[in-house]
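In: Need a 3D model of the following:
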Amino acid sequence: MARSHPVDVHVGARMRQRRTLLGMSQEKLGTAVGLTFQQIQKYERGSNRIGSSRLYEFAKVLDVPVSYFFDEMPSNALSGRPMSGRGRKGFGEAGTPFEQEKDPLIKRETLELVRAYYKIREGRVRKRIFEMVKAVGAASHAEVLGGRKR
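Out: Here you go, the predicted structure:
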């Protein structure tokens with residue numbers, strides 16, 4: 001069984017991140033570029049490669065430069081090739097930079113929080129909420145660290 005190339009996985013994750021941030025469904029994105037939502041799912045998982053012309057279409061619909069899809073790519077993404085399922089460790093397994101479940105930036109919760117945050121029209125209110133979240137996070141982090149020292 002063939003595995004996805006790490007670059008395809010990264011590009012797909014960036015596409016999903018941007019689509020979700022915009023509040024766009026897979027179906028709506030698919031319709032905009034003439035694809036089914038199932039095809040969008042395969043692109044977002046990295047199981048299908050995205051050709052350059054298709055990537056350009058996605059960039060236009062998602063209102064980002066094509067380079068956006070390659071931003072924040074781990075430096076070792078191109079150091080290897082995807083491996084077949086012959087007992088060798090492949091990409092996307094525990095311990096690799098593609099262990100997406102642990103990346104808070106691509107979680108739906110994070111993207112929904114950011115969308116909701118930017119819906120707040122009053123800049124002063126938004127800034128106070130930002131400061132409050134930072135303070136709660138810092139207090140929580142300090143509490144965890146304090147618990148470890150005991």
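In: from here on, contacts and neighbour counts on C-alpha atoms
Out: Noted.
In: Show the average pLDDT along stretch 4-15.
Out: On average, the pLDDT along stretch 4-15 is 92.
In: Just checking the distance from that stretch to the centre of its chain.
Out: 9 Å (C-alpha atoms, centre = their mean, to the nearest Å).
In: Export it to CSV, keeping only CA atoms.
Out: Only the C-alpha atoms of stretch 4-15 are listed here, as CSV (Å, rounded to 0.1, in the frame of the first residue of the first chain):
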residue,chain,number,x,y,z
SER,A,4,1.2,9.9,0.7
HIS,A,5,4.2,12.1,0.1
PRO,A,6,4.8,14.5,3.0
VAL,A,7,4.6,17.5,0.8
ASP,A,8,1.2,16.5,-0.5
VAL,A,9,0.0,16.0,3.1
HIS,A,10,1.3,19.4,4.1
VAL,A,11,-0.3,21.2,1.1
GLY,A,12,-3.6,19.4,1.8
ALA,A,13,-3.5,20.4,5.5
ARG,A,14,-2.8,24.0,4.5
MET,A,15,-5.8,23.9,2.1
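In: How many residues are close by the nearest residue to P104 once chain neighbours are set aside?
Out: Among residues not flanking P104 along the chain, T110 sits closest, at 6.6 Å (C-alpha to C-alpha, 6 or more residues apart in numbering). Residues near T110, counting by other C-alpha atoms under 10 Å, number 15.
In: With the one 3 residues further on instead?
Out: The local packing count at L113 equals 12, with neighbours defined by other C-alpha under 10 Å.
In: Please identify which helix or strand holds the residue nearest to P104.
Out: Using DSSP states H and E, T110 falls within helix 108-119.
In: Okay, now the unreliable bits of the protein?
Out: Confidence mapping of the chain against pLDDT under 70 gives the ranges 1, 79-103, 105-106, 148-150.
In: where exactly do the helices run in it?
Out: All helices of the chain, identified by DSSP state H, fall at 6-21, 26-33, 37-45, 52-62, 108-119, 123-149.
In: how about the ones you listed, which one is nearest A77?
Out: helix 6-21 (5.8 Å; C-alpha to C-alpha).
In: name the helices or strands packed onto the closest one?
Out: On a contact count with 3 or more C-alpha pairs under 8 Å, 6 or more residues apart in numbering; DSSP states H and E, helix 6-21 meets helix 37-45, helix 52-62, helix 108-119.
In: Swap in 10 Å and give it another go.
Out: Here helix 6-21 touches helix 26-33, helix 37-45, helix 52-62, helix 108-119, going by 3 or more C-alpha pairs under 10 Å, 6 or more residues apart in numbering; DSSP states H and E.
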